[in-house]
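> Here is a sequence with its predicted model. Questions after.
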Amino acid sequence: MAKADIPSTYDPRAVEDRWYPYWENGGFFHIGVNPEQKPFCIVMPPPNVTGQLHMGHALDYTLQDILTRWRRMQGYNSLWVPGTDHAGIATQAKVEEQLAKEGTSRYEIGREAFLKRAWAWKEQYGSRITAQLRRLGASCDWQRERFTMDEGCSEAVREVFIRLFERGLIYRDYYITNWCPKCHTTISDIEVEHIEKPGHFWYLKYPFKDGDGHVVVATTRPETVLGDTAVAVHPDDERYAGLIGKMLVLPLVGREMPLIADEYVDPSFGTGAVKITPAHDPNDFEVGYRHGLEQIIVIDKEGKMSAEAGPRYQGLDRYDCRKKIVRDLEAGGYLLKTEDLSHGVGHCYRCNTVIEPMLSRQWFVKMKPLAEQAIEAAKAGDVRFIPERFTKVYLSWMENIRDWCISRQLWWGHRIPVWYCKDCDETIASKKPVSQCPKCGGTDLEQDPDVLDTWFSSALWPFSTLGWPKQTIELAYYYPTSVLVTGRDIIFFWVARMIFSGLAFMNDVPFRVVSIHGMVLDALGRKMSKSLGNGVDPIDVIESHGADSLRFMLVTSNTPGNDLRFNFEKLDGARNFANKLWNASRFVLMNLEDFEPGEQRGQYTLADRWIISRYQNLAEEVTRLLESYELGEAARVLYEFIWNEFCDWYIELAKPRLYGKTTPQDRYTAQSVLTAVLKGTLELLHPFMPFITEEIWQHLPGKGLTVMRASWPVAGKELADPEAERQMEMLMEVTKAIRHIRSEMNVPPGKQLEAYLEAPQAAFRDVLERGTGYIQGLANAKIAIFEALKEKPEQAAHAVTHGAEVFVPLKGLIDIEQEAARLRKELAVLEKDLARVNGKLNNQGFLSKAPADVIEKEKKKENELTGKQTAIRERLSMLVGGNE
RNA sequence: GGGCGGGUAGUUCAGUGGGAGAACGUCUGCUUGACACGCAGAAGGUCGUAAGUUCAAUUCUUAUCCCGCCCA
């Protein structure tokens, strides 16, 4: 390959657009059941079908792609199932927005027409996110792509609903749910975000009916006064002893209601008396239920006061009503005092509107029986969280679980498969449409208008995507899947629900391992959000820096379970790394014109043995780290090997051999080692940076169809060569010492130095002699080696390395005082180290209790430090006289 | 109020019961036959604070302060 053929700056765009179609069209992502192979399977957390790729996706899918590609290369039957989610509220909101722009609404056009529009919307935008996934390099099996509302997934949803219904685990009841007045639907508890907000605590006087005094209640929501049907106190609260059961008169309304006793009340909070509004507060609902209290709905679905609130307040917005009520209470003499109070207020996670707890009739899943198994599975280790601490988060939620409200007052989604008979009120759950009532034979039936929570279908994802409820061979082979990779924000929403669903319907957990990663924050550590406008678009980053750089940046910033900040400096670093690799490869390729891989013709040099040993260590480390899900660390290890060992040392040492300064055999050996190590390293790096590694790999001799299908480098222990590593370290140390002296003494890089190396021990001398060429080349110095210098040069800079002393004669260039100062500085550092080591070795406790190998190590250290100290002291006294 | 995570170089972050690391930034010097998205060298840290366990603590325990997240 001639130099002109390869640009000196890597251009990801030219490369990345080419390889993805090659892989996809080549069928390299597709895999089928093969009993000869071990399966490895990941199901992709499905992104919103009409959404766009954000940084969180980019991280999540990068991690999954790394695992999938790695296992595939390892010979596993590696399947990554892609798919998208219908995202009920989000998608419906988009379509409604569009309708609003056209001056109409879903109510005006009707359900059927609306669904047509929603499907059209899905068709229009449904491929955007999958196209973006392709740009990221995701190696998922697109032939198995699924959608939560496709035929199969919908069947799974109906099947699960019916089965739970028949087992009595799905029921319909009046209950307090979280109503979003803007989205016009109920949402589940975990879809409510509690935001701490400054508010007030109003103290109100509720008089007794008999005119004999009053009780004081405190509330943060005075508008709910209108719906009060009792006041509760703790049964043991002495302040209210004897008053329980007495009737009160509700201010402004005049309703009579009792003072009741309930354990729920915290006597130490506020006045110890709590007003009870069963229709607008979940806790009050429970209390009201226990005491058979009336439930009065005073706020409607728009967030406005209802007719029940009375003519004075009806139609007012709940917050306007609050102001008016406070004024009225004050005027009536009922308001005792107002305190400032910061408290958590529930907001809709979709639209950020304040949630109204509201009594309504909804469908629920009874969670207790399902949760039990899910708790057991985690405790028994059938499903393992990484990092382990997330097990606790999961368990605490599962153990305190409440029933799951699954009906949504939306149109876009899986319609609840339940019909009501208008004649006899029978409720019929059925997989197929029902036209006749099985109880009374009536034909006037109506399907429940609501749809199911989006997470209801996502909960089935690990098995619905593999064909369930059909008993497919895929299901038998790939389930339970190997690992779930997802963000810590959806442990409750999704992970937990998949686990109990899998246990309930597949009799096994959906995945053995849950690998949790953090959130991608902006450079200032804030969540990326639309409202802040601080999001970074992954596609923009791919355009400017390439998908490989984005992936590498994300994975190296990631440590298991922790958040990471997106910063552009790190992204530049990743791009620079890609460029470094590109140029190292370019160098190798430029020197391979005459190279035909074949029989080894020459002897391995020390540098060859060293880099091969380091490479085998690399393969071992990367594999080990991937196995323990430390993907970021694996990437960092690769970075360091490529940059600091392969490029900085090995390539530099190979140069003279390639430029014909040695023998043709040696040139050939250098070519073959360069090629082999580069090729193996590319293979190890491929899961992390798929595009650039494929591009380079394809230029190397001995390539195959694709690096995707190359076999994962196996760490061959026989390639480890500790002796070569030790020797190279010695030579590197001497090289660095000379470079250091050159820099400190301001000797220009172009000027060749002389260096005398004194090594009393034959073994060290031997290493130096054989490595002379290395040092001379890398330090630009002429070397002479001595067992003992007869006459130590006076005008010379000095350094001590492991096994040798270095003298660099600098006649006329050296300032003796300056050199002495430098040596004194080094001596000071040495003495500090020595003091610490000696402190240990003089400590009886240490000698008697520390492990032998640690003591041995300290002794060795002491020896070496003392040796260096002596050498530097001698040198100093020689330079400036014997008074040092 | 309960739980969890973080507090390490100017910045962003790794890491570890036994010699404090990287990247970026800074300083010095370099068109060294792959790379200035580069090369060589350097400076820079009481590892939040206090106590305890230990022969030994940045690492383990406890308390405490600050920041963030989750739950009630």
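Everything's here; your move. Residues are numbered from 1 along each chain as shown, chains lettered A, B, ... in the order given.
> helices or strands up against the lengthiest strand in chain A?
Longest strand in chain A, counting residues (DSSP state E): strand A:192-207. Counting contacts by 3 or more Cβ pairs under 8 Å, 6 or more residues apart in numbering; DSSP states H and E, strand A:192-207 packs against strand A:214-219, strand A:247-249, helix A:318-331, strand A:335-348. All C-beta atoms are positioned from the backbone trio N, CA, C, and that covers glycine.
> And these: which comes nearest RNA strand B?
strand A:335-348 (4.1 Å; Cβ to the nearest atom of the strand).
> re earlier: any chance of the helices and strands packed on strand A:192-207 in CSV, with distance to A:Gln752 too?
Output for the helices and strands packed on strand A:192-207, formatted as CSV (distance: least, Cβ to Cβ, whole Å):
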stretch, distance to A:Gln752
strand A:214-219, 87
strand A:247-249, 101
helix A:318-331, 83
strand A:335-348, 72
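> Of the ones you listed, which stretch is the most buried?
Ranked by mean neighbour count, the helices and strands packed on strand A:192-207 are led by strand A:214-219 with a mean of 20 (mean count of other Cβ atoms under 10 Å).
> what comes up buried for the longest strand of chain A?
Residues of strand A:192-207 classed as buried: A:192, A:200, A:202-207 (neighbour count, 16 or more other Cβ atoms under 10 Å).
> overlap between these and the residues near RNA strand B?
Residues of the buried residues of strand A:192-207 in contact with RNA strand B (Cβ under 7 Å from any atom of the strand): none.
> on that earlier part again, nearest to A:His86, of the helices and strands packed on strand A:192-207?
Closest to A:His86 of the helices and strands packed on strand A:192-207 is strand A:335-348 (Cβ to Cβ; 18.7 Å).
> Quick one: residues in contact with the helix or strand following the closest one.
Next helix or strand after strand A:335-348 toward the C-terminus (DSSP states H and E): strand A:356-365. Contact with strand A:356-365 is made by A:164, A:169-181, A:186, A:278-282, A:285, A:295, A:297, A:299, A:301, A:303, A:318, A:346, A:403-407, A:416, A:418, A:448, A:450, A:452, as judged by Cβ atoms under 8 Å, 6 or more residues apart in numbering.
> buried subset of those residues?
Among the contacts of strand A:356-365, the ones that count as buried (16+ other Cβ under 10 Å) are A:164, A:169-170, A:172, A:175-181, A:186, A:278-282, A:285, A:295, A:297, A:299, A:301, A:303, A:318, A:346, A:403-407, A:416, A:418, A:448, A:450, A:452.
> Please list the members of these that lie in strands.
A:170, A:172, A:175-180, A:186, A:346, A:404-405, A:407, A:418, A:452.
> In those, find the pair that's most separated.
A:Gly346 and A:Val418 (28.2 Å).
> Now that we have the buried residues of strand A:192-207, can you turn them into a markdown table and tack on pLDDT?
Output for these, formatted as a markdown table (pLDDT from 0 to 100):
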| residue | pLDDT |
| --- | --- |
| A:Val192 | 75 |
| A:His200 | 80 |
| A:Trp202 | 85 |
| A:Tyr203 | 86 |
| A:Leu204 | 86 |
| A:Lys205 | 87 |
| A:Tyr206 | 88 |
| A:Pro207 | 88 |
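> Looking at those residues, spot the one nearest A:Glu864.
Closest to A:Glu864, out of all of those and judged by Cβ to Cβ, is A:Val192, at 63.8 Å.
> so what's the closest one bridging to?
Following DSSP bridges, A:Val192 is listed with bridge partners A:Cys348.
> quick one: it from A:Ala459, how far?
Counting by Cβ to Cβ, to the nearest Å, the separation of A:Val192 from A:Ala459 is 19 Å.
> where does the stretch 101-250 of chain A have low pLDDT?
Within the stretch 101-250 of chain A, the ranges that satisfy pLDDT under 70 run A:189-190, A:196.
> try chain A
A:1-5, A:189-190, A:196, A:268, A:342, A:531, A:600-601, A:881-884.
> Quick check: the residue nearest the centre of it vs RNA strand B, distance?
By Cα atoms, centre = their mean, chain A has its centre lying nearest to A:His517, at 2.4 Å. Noted for A:His517: a distance of 11 Å to RNA strand B, by Cβ to the nearest atom of the strand, to the nearest Å.
> Pull the contacting residues for the closest residue to RNA strand B within the stretch 351-500 of chain A.
Distances between the stretch 351-500 of chain A and RNA strand B by Cβ to the nearest atom of the strand are smallest at A:Arg389, namely 4.6 Å. Residues in contact with A:Arg389, defined by Cβ under 8 Å, 6+ apart, are A:Gly561.
> Backbone dihedrals for it, please?
phi -60, psi -20 (degrees, to the nearest 10).
> Same question for A:Lys527.
With angles defined as degrees, to the nearest 10, A:Lys527 sits at phi -60, psi 140.
> for A:Val485, same thing?
Backbone geometry at A:Val485, expressed as degrees, to the nearest 10, gives phi -110, psi 120.
> Could you report the neighbour count for it?
By other Cβ atoms under 10 Å, the residues close to A:Val485 number 27.
> My guess is it contacts A:Gln64. True?
Yes - contact criterion Cβ atoms under 8 Å: A:Val485 and A:Gln64 qualify, at 4.8 Å.
> list the residues that contact both of these two?
Counting by Cβ under 8 Å, 6+ apart, the common neighbours of A:Val485 and A:Gln64 are A:Ile42.
> and stretch A:56-69, is it in reach of RNA strand B?
No - for stretch A:56-69, no contact with RNA strand B is found by Cβ under 7 Å from any atom of the strand; the gap never falls below 13.2 Å.
> Residue of the stretch 701-850 of chain A nearest RNA strand B, please.
Nearest to RNA strand B, among the residues of the stretch 701-850 of chain A, is A:Gly845, at 2.7 Å (Cβ to the nearest atom of the strand).
> Give me the phi and psi for that residue.
Main-chain dihedrals, A:Gly845, degrees, to the nearest 10: phi -60, psi -40.
> Now for it, how many residues are close by?
A:Gly845: 8 neighbours (other Cβ under 10 Å).
> what do you get for A:Gln74?
A:Gln74: 15 surrounding residues under other Cβ under 10 Å.
> close enough to count as contact, it and A:Trp712?
Yes - with contact defined as Cβ under 8 Å, A:Gln74 counts as touching A:Trp712 (4.4 Å).
> Next to RNA strand B, which bits of the stretch 351-500 of chain A? Give me the list.
Close to RNA strand B, as judged by Cβ under 7 Å from any atom of the strand, the stretch 351-500 of chain A has residues A:389, A:392-393, A:396-397, A:400, A:489, A:492.
> May I ask which two of those residues are separated the most?
Across those, the longest distance by Cβ to Cβ is 18.7 Å; it joins A:Asn400 and A:Asp489.
> Compare these two (neighbour count), which wins?
Per other Cβ under 10 Å, whichever of A:Asn400 and A:Asp489 has more neighbours is A:Asp489, with 13 against 8.
> Contacts only, for the nearest residue to that one once chain neighbours are set aside.
Nearest residue to A:Asp489, sequence neighbours excluded (Cβ to Cβ, 6 or more residues apart in numbering): A:Met519, at 6.6 Å. A:Met519 makes contact with A:56, A:487-489, A:527, A:563-564, according to Cβ under 8 Å, 6+ apart.
> and what of A:Leu445?
A:Leu445 touches A:419-422, A:428, A:434-437, counting by Cβ under 8 Å, 6+ apart.
> Counting by contacts, list what the longest helix along chain A packs against.
Taking DSSP state H as the criterion, chain A has its longest helix at helix A:106-136. Contacts defined by 3+ Cβ pairs under 8 Å, 6+ apart place helix A:106-136 against helix A:12-25, helix A:55-73, strand A:83-84, helix A:88-101, helix A:538-545, helix A:547-557.
> Just want the angle from it to helix A:538-545.
Orientation of helix A:106-136 against helix A:538-545 (axes from the mean of the first three to the mean of the last three Cα atoms, to 10 degrees) gives an angle of 30 degrees.
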